[in-house]
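Student: Sequence first, predicted model second:
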Number of protein chains: 2
Amino acid sequence: MSDRPDLAAMLYPLVRTLIALELPVLAEHEVSMWGYSVLTALDETPVRTQAALAEAIGADKSRIIGTLDELQDAGLIERTPDPADRRVRLLSITTQGRRIRRSVRRAIHLQEDRLLAKLTRIEREAFLRALRTLHEAR
Amino acid sequence: MSDRPDLAAMLYPLVRTLIALELPVLAEHEVSMWGYSVLTALDETPVRTQAALAEAIGADKSRIIGTLDELQDAGLIERTPDPADRRVRLLSITTQGRRIRRSVRRAIHLQEDRLLAKLTRIEREAFLRALRTLHEAR
DNA sequence: TATTGTTATACTCTATAACTATA
DNA sequence: TATAGTTATAGAGTATAACAATA
């Protein structure tokens, strides 16, 4: 693994660029970054406690409460007490939540594709494959 | 560019993992993240005003002042008024600063290599090449 | 007593705007 | 007046701990 710049030194600015591209998209849809993260997690695996959800998206359980309030007020998720254990709130994404999530996703991918266009098709596929491997291996 | 997870959703946790790996290394060498960033920038292109340096590492000029104070106190950089324009501070890395920077760099690369080991040699080279392209294209 | 969700508090980062010293 | 560096202030984001309801 010959001489190379630090990984983080290349990745960090890249992430900042991506976030800068995505914030306007999120603002248009009136969803926060954490809100989008929650919608994505719920769309992929529906029922969960809030603590498990927080864990899944790398946040503290206390940190996502405001986000959940907003999403619920906007009708994008449902949060109902579990009859079996009334301490627990069962979480699920609504039809509209799913619609919003997919719309944001499409728009974000369009932005990302502008960046990925710097690579050839072959390079791009190799990059994304490696990235997935690293992401899943964590 | 077929169906795939969001780029940021994969990159962001990866960066967090990297930072978590690197913080102990930095702490051992008694250098902050910004401090290391400054040393790296100065080691690669020596003379600069503080504002230009801040710009180069993606920080605000007011934000790096504490960092520069620390580095100077530790003897890792020099900060001397420019005789030609006494508003300006000429910045340079010291021999010891260069030594520390390289030592940190080696240790960080060792940590990073543990992550990159999840990839085959071919994948790793393709990944790093693509990453460089994206980093430089920004 | 332990756990889920919630609220409150303190702490760190960051951005902005004043301030000084030079030009 | 404008610029380089500095300091001060306020705001956002985050982590931690305390709290109420339920088990």
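Tutor: Ah, there it is. These numbers were taken from a predicted model, which means no experiment stands behind them.
Student: Let me know the secondary structure of residue A:81.
Tutor: When the structure is split into helix, strand and coil by DSSP: H, G, I helix; E, B strand; the rest coil, residue A:81 lands in strand.
Student: Any idea how many residues pack against it?
Tutor: By other Cβ atoms under 10 Å in any protein chain shown, the residues close to residue A:81 number 11. Where C-beta positions appear, they are placed from N, C-alpha and C, glycine not excepted.
Student: what residues are up against it?
Tutor: With contacts taken as Cβ atoms under 8 Å, 6 or more residues apart in numbering or on different chains, residue A:81 has the following neighbours: A:88-90.
Student: does residue A:58 belong to a helix or a strand, and which?
Tutor: No secondary structure element spans residue A:58, as it lies outside all helices and strands (assigned by DSSP states H and E).
Student: neighbours around the residue nearest to it when sequence neighbours are not counted, how many?
Tutor: Across the structure, with Cβ to Cβ, 6 or more residues apart in numbering or on different chains as the measure, the residue nearest residue A:58 apart from its sequence neighbours is residue B:13 (6.3 Å). Counted by other Cβ under 10 Å, the residues lying close to residue B:13 total 15.
Student: which secondary structure elements does the strand or helix carrying residue B:13 contact?
Tutor: With elements taken from DSSP H and E, the one containing residue B:13 is helix B:7-28. In terms of contact count using 3 or more Cβ pairs under 8 Å, 6 or more residues apart in numbering or on different chains; DSSP states H and E, helix B:7-28 is assigned the packing partners helix A:7-28, helix A:95-116, helix A:121-137, helix B:33-44, helix B:95-116.
Student: Pretty sure residue A:72 sits against residue A:91.
Tutor: No - the pair residue A:72 and residue A:91 fails to qualify as a contact (Cβ atoms under 8 Å) at a distance of 9.4 Å.
Student: Report the set of residues contacting both of the two.
Tutor: In contact with both residue A:72 and residue A:91: A:78-79, using Cβ under 8 Å, 6+ apart.
Student: neighbour-wise, which of these two wins?
Tutor: Comparing residue A:72 with residue A:91 by neighbour count (other Cβ under 10 Å), the higher total belongs to residue A:91, at 22 against 16.
Student: and the more buried one, that's in a strand?
Tutor: Yes - counting by three-state DSSP, one finds residue A:91 located in a strand.
Student: Okay, and the beta partners of it?
Tutor: residue A:79 (DSSP bridges).
Student: got the contact list for the residue positioned nearest the centre of chain A?
Tutor: Central residue check for chain A by Cα atoms, centre = their mean: the C-alpha nearest the mean position is that of residue A:37, 3.1 Å away. With contacts taken as Cβ under 8 Å, 6+ apart, residue A:37 has the following neighbours: A:57, A:59, B:9.
Student: do that again at 7 Å, thanks
Tutor: Contact analysis of residue A:37 by Cβ atoms under 7 Å, 6 or more residues apart in numbering or on different chains lists residue A:57.
Student: Tell me the residues of chain A that contact DNA strand C?
Tutor: The interface of chain A toward DNA strand C, taken as Cβ under 7 Å from any atom of the strand, is made up of A:49-52, A:61-62, A:65, A:68, A:79, A:87-89.
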